[in-house]
Structures are given as C-alpha cells and as structure tokens.
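>>> prediction below, plus the sequence it came from.
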Amino acid sequence: MMRLTKSVIAAVIGLAVVSGSLAYADSMTDAIKYRKSMMEVTGYNFKLMAAMVKKEMPFDKAQFAKMAETVHYMSTLTADGFPKGSDEMAGPTHAKDDVWSKPEEFKKDMVAFQKSSEALVVAAKTGDMSVIGPKFKDTAGSCKKCHDGFRSKSE
C-alpha cells in the first residue's frame with residue numbers, strides 16, 4: 001500500500017511538472033505571437049505615415065497624429081513581448097539571442113524608440129511637415145537600429 005501511495009504521489013508530481021512546463025511553453029509561444037502582432041500594428045501605421053511624409057498620399061493631420069500615438073503606445077509595450085524564454089526554442093521568431101544576452105543594449109534601443117516616437121507624437125500635433133519629417137525619420141531610425149542589432153534577417 002505504501003509503495004502504491006508513493007507511486008501515485010510521484011505520478012501526480014510528475015504530471016504537475018509536465019503541465020507546468022507545457023503552460024510555460026504556451027506562454028512563450030503566446031509572447032512571440034504578441035510581439036509579432038505588436039510589430040504588425042507598428043508597421044501598418046508606419047507605412048501609412050511614410051506615405052504621407054513622402055507625399056504619396058494626402059496628409060491628414062488627425063489621422064497622422066492618431067497613427068503616431070499608436071506607434072508610441074506600441075513602443076511602450078515592446079519589452080512585454082520579449083520575456084526570457086521566448087527565443088527560437090519557443091517558436092519561430094526573428095529575435096536574435098542578443099535580445100536576452102545583451103539586455104541593457106536592447107533596453108537602450110527600446111527606450112530610444114519610446115523617446116523618438118513620443119517626440120513624433122508632439123510633432124504630429126503641429127500638423128507642420130517641416131517639424132514632423134525629421135521626427136518621423138528619427139523614429140524610423142530608432143526602429144532600424146534595433147532591428148539591425150536584435151532581429152535576424154527575414155528569409
């Protein structure tokens with residue numbers, strides 16, 4: 001009877017460990033989905049703003065300001081999408097291992113994105129393209145810098 005009880009306890013503990021590991025794996029897969037979605041939202045807004053900056057579509061001050069605010073908001077969520085363990089072992093991702101092996105550098109780039117996108121929001125409210133253009137370029141540059149250092153090239 002004692003042997004059976006120990007076997008049942010061991011099985012329950014083993015099942016709990018496996019269940020916890022599966023839940024952890026799911027949360028890391030979800031983190032990858034989250035950050036990909038966040039990047040999609042950012043990219044969508046950036047493309048439209050770029051078209052306005054390049055005069056490929058009419059400038060709409062209210063729409064541009066809303067998109068700049070969206071990009072800035074996404075910048076504040078960036079860190080949430082990169083928890084430790086959400087690397088390529090958790091699922092398909094373009095994030096380099098440097099995200100987790102060089103966290104201070106990664107954080108520095110995230111902060112630069114937040115600051116530049118915040119400045120873009122302020123510029124967008126002016127409706128003056130001579131003010132907006134340089135801030136848009138700065139924000140795009142902060143994205144590029146982070147992608148160059150922490151994102152592997154797409155196939």
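Now that the structure is in, tell me what you want to look at.
>>> do a quick rundown of the strands in this structure.
Counting by DSSP state E, the chain forms no strands at all.
>>> for it, name the helix or strand with the lowest mean pLDDT.
None of the helices or strands of the chain scores lower by mean pLDDT, DSSP states H and E than helix 2-53, at a mean of 71.
>>> OK, contacts around the closest residue to Asn45 other than its chain neighbours?
With sequence-adjacent residues excluded and distances taken as CB to CB, 6 or more residues apart in numbering, Asn45 is closest to Met67, at 4.1 Å. Using the backbone N, CA and C atoms, a C-beta is placed for each residue, glycine as well. Remark: with contacts taken as CB atoms under 8 Å, 6 or more residues apart in numbering, Met67 is in contact with 45-46, 48-49, 124.
>>> rerun at 6 Å
45, 48-49 (CB atoms under 6 Å, 6 or more residues apart in numbering).
>>> and if you look at Asp30?
Applying CB under 6 Å, 6+ apart, no residues contact Asp30.
>>> sorry, back to before: for the contacts of Met67, pick the one with the most neighbours.
In terms of neighbours by other CB atoms under 10 Å, the contacts of Met67 top out with Met49 at 25 neighbours.
>>> which residue, other than its chain neighbours, is closest to that one?
Met67 (5.2 Å).
>>> that neighbour and Gly91, how far apart?
Remark: distance between Met67 and Gly91 (CB to CB, to the nearest Å) = 29 Å.
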